[in-house]
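>>> Just to be clear, the model below is a prediction. Sequence and coordinates:
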Amino acid sequence: MPASPAPRPTAAHREAATRPERASRPEMATRPEVVARLRAAGCVYAEDEADLLLGAARSPAELDDLVTRRASGLPLEPLLGWAEFCGLRIAVEPGVFVPRRRTELVVAQAVALARPGAVVVDLCCGSGAIGTALAAQVEHLDLHATDIEPAAVRCARRNIEPAGGHVYSGDLFDPLPARLRGRVDLIVVNAPYVPTDAIATMPPEARLHEPRVTLDGGGDGLDVHRRVAARAADWLAPGGSLVIETSRSQAAGTVDLVERSGLTARVTTSDELQATVVIGIRAGGARRADQGADGGAGGR
């Protein structure tokens, strides 16, 4: 899950900043003062970020703390407590990977593959952004998500459980209920895929403030992809799909891993999102979700 420069605050961020003007309080720092501090720290979208921080702060001390932490390089989203993803507010906190806009390509491809009642597994779920976005767009999913990081599991539960999903603490497939083996219609994955040596060249916001385990994909960046691909076919139902984010330079390697596992693979890219996704399909009959309400796994 490589990092990007700080994203420009979106419409949802701007809407969140439309609380009563905090600068009208004499003791609260004014907007120009906050903008000046952020701009001096190198924040590209200082005006937009100032509005968000002013809207989030409940006291002068809290505002000063938020601005100080942002100026030190902490990503904006954990300070606010949420990130926008696929038009949704996703709860995040310090120590949790912030969902990137490029991962919306994973969601778009997954939505095209999933049907109401599908059994969906979100591996390396982080905040649970992918699963939450899927549940918002496809009805009655039987959604299961896993992550090894306690902070990520905590955030994912805040995001996924209200949508009826289940979140498990553990490594990849290990904590999933055994009853799901061979019955999963869709596996979605945004695993770390930055080569270890490349982490030093990443933007400081990610390199210094996001857990290394969410970034480091090993020597060639594909260590976790290997482990996912090696076990995916055992968990997928006949006709089931694996959707995994990668990079353009690593797509061929990810495809090779997916095909070695017995799946048929293809690559999808988006120039707009600067995103690359590999999709693997297990051979077999129609997906379980095609069987209708009685044959689906929703509602459990």
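Happy to help now that I have it. Numbers count the residues shown, from 1 in each chain.
>>> now the strands: where do they sit in this protein?
Using DSSP state E, the strands found in the chain span residues 82-85, 88-91, 119-123, 142-147, 166-169, 184-189, 236-246, 264-270, 275-281.
>>> what packs against the third one?
In this case it means strand 119-123. Packing partners of strand 119-123 (3 or more Cβ pairs under 8 Å, 6 or more residues apart in numbering; DSSP states H and E): helix 129-137, strand 142-147, strand 184-189. Bear in mind the C-beta positions are built from the backbone N, C-alpha and C, glycine included.
>>> Let me have those in TSV, extended by distance to V228, mean pLDDT and mean neighbour count.
What follows is these, written out as TSV (distance: least, Cβ to Cβ, whole Å; pLDDT from 0 to 100; neighbours: other Cβ atoms under 10 Å):
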stretch	distance to V228	mean pLDDT	mean neighbour count
helix 129-137	14	98	25
strand 142-147	11	99	26
strand 184-189	6	99	27
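>>> mind putting those in CSV, distance to R89 included?
Shown next, in CSV, are the helices and strands packed on strand 119-123 (distance: least, Cβ to Cβ, whole Å):
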stretch, distance to R89
helix 129-137, 10
strand 142-147, 18
strand 184-189, 20
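>>> R266: which of these is closest?
strand 184-189 (15.2 Å; Cβ to Cβ).
>>> Report the angle between the closest one and strand 236-246.
10 degrees (axes from the mean of the first three to the mean of the last three Cα atoms, to 10 degrees).
>>> just to revisit the earlier point, now distance to T214 too, for the strands of the chain, in a markdown table please.
A markdown table is the format used below for the strands of the chain (distance: least, Cβ to Cβ, whole Å):
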| stretch | distance to T214 |
| --- | --- |
| strand 82-85 | 14 |
| strand 88-91 | 15 |
| strand 119-123 | 13 |
| strand 142-147 | 9 |
| strand 166-169 | 15 |
| strand 184-189 | 13 |
| strand 236-246 | 13 |
| strand 264-270 | 22 |
| strand 275-281 | 17 |
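>>> Right, I'll call it a day here.
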